[in-house]
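Enquirer: Test case, fold it:
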Amino acid sequence: MRTDMATDHTPADSSKVTRAPVAPSVFFMVSGTRPLYLDPPPPQTILVCLALMTATYFAANSGLTASIVALANRQPLRSV
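Expert: So this is what the prediction gives:
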């Protein structure tokens with residue numbers, strides 16, 4: 001077991017918890033389907049919803065990461 005690891009956690013560690021459920025929620029809200037293992041919808045629907053889910057995850061991930069960097073460096077969010 002490693003004992004040289006830092007014990008303090010950065011806000012970046014906790015941001016994973018906040019952004020993780022956002023993209024799948026958008027996927028199911030837009031597609032109007034239940035979980036895919038219950039009844040798979042047509043592939044065209046899945047591809048559009050997956051693209052939207054990917055864009056949502058990218059935007060949430062980038063925005064939260066930029067916010068944390070801005071807070072850590074005490075800079076305005078627009079400058080990051």
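Enquirer: lowest confidence element among the helices and strands of this protein?
Expert: Lowest on mean pLDDT, DSSP states H and E among the helices and strands of the chain sits helix 11-19, with a mean of 54.
Enquirer: ranges for the strands of the chain?
Expert: Counting by DSSP state E, the chain forms no strands at all.
Enquirer: so where do the helices sit in it?
Expert: 11-19, 22-31, 43-73 (DSSP state H).
Enquirer: Most tightly packed of those helices?
Expert: Highest mean neighbour count of these: helix 22-31, a mean of 15 (counted as mean count of other CB atoms under 10 Å). Where C-beta positions appear, they are placed from N, C-alpha and C, glycine not excepted.
Enquirer: Alpha carbons of that one, as CSV, please.
Expert: Written as CSV, here are the backbone C-alpha positions of helix 22-31 (Å, rounded to 0.1, in the frame of the first residue of the first chain):
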residue,chain,number,x,y,z
VAL,A,22,-25.5,14.6,-16.8
ALA,A,23,-24.8,13.1,-20.2
PRO,A,24,-26.7,9.8,-19.8
SER,A,25,-29.7,11.8,-18.4
VAL,A,26,-29.7,13.9,-21.6
PHE,A,27,-29.4,10.7,-23.7
PHE,A,28,-32.5,9.1,-22.1
MET,A,29,-34.5,12.4,-22.0
VAL,A,30,-33.9,13.1,-25.7
SER,A,31,-34.3,9.5,-27.0
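Enquirer: Report the angle between it and helix 43-73.
Expert: 150 degrees (axes from the mean of the first three to the mean of the last three CA atoms, to 10 degrees).
Enquirer: Please state the mean pLDDT value computed over helix 22-31.
Expert: In this model, helix 22-31 has a mean pLDDT of 77.
Enquirer: How about stretch 67-80?
Expert: Taken as a whole, stretch 67-80 has a mean pLDDT of 84.
Enquirer: now it: how far from the chain's centre is it?
Expert: How far stretch 67-80 lies from its chain's middle: 19 Å, per CA atoms, centre = their mean, to the nearest Å.
Enquirer: how about it as PDB, C-alpha atoms only?
Expert: Output of stretch 67-80 as PDB, limited to C-alpha atoms (Å, rounded to 0.1, in the frame of the first residue of the first chain):
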ATOM      1  CA  SER A  67     -14.000  26.500 -13.700                       C
ATOM      2  CA  ILE A  68     -11.800  24.500 -11.400                       C
ATOM      3  CA  VAL A  69      -8.600  25.800 -13.100                       C
ATOM      4  CA  ALA A  70      -9.900  29.400 -12.900                       C
ATOM      5  CA  LEU A  71     -10.700  29.000  -9.300                       C
ATOM      6  CA  ALA A  72      -7.400  27.400  -8.500                       C
ATOM      7  CA  ASN A  73      -5.500  30.200 -10.300                       C
ATOM      8  CA  ARG A  74      -7.800  32.900  -9.100                       C
ATOM      9  CA  GLN A  75      -8.500  34.100 -12.600                       C
ATOM     10  CA  PRO A  76     -11.800  35.000 -14.300                       C
ATOM     11  CA  LEU A  77     -13.400  32.000 -16.100                       C
ATOM     12  CA  ARG A  78     -13.300  33.700 -19.500                       C
ATOM     13  CA  SER A  79      -9.500  33.900 -19.300                       C
ATOM     14  CA  VAL A  80      -9.000  30.200 -19.000                       C
END
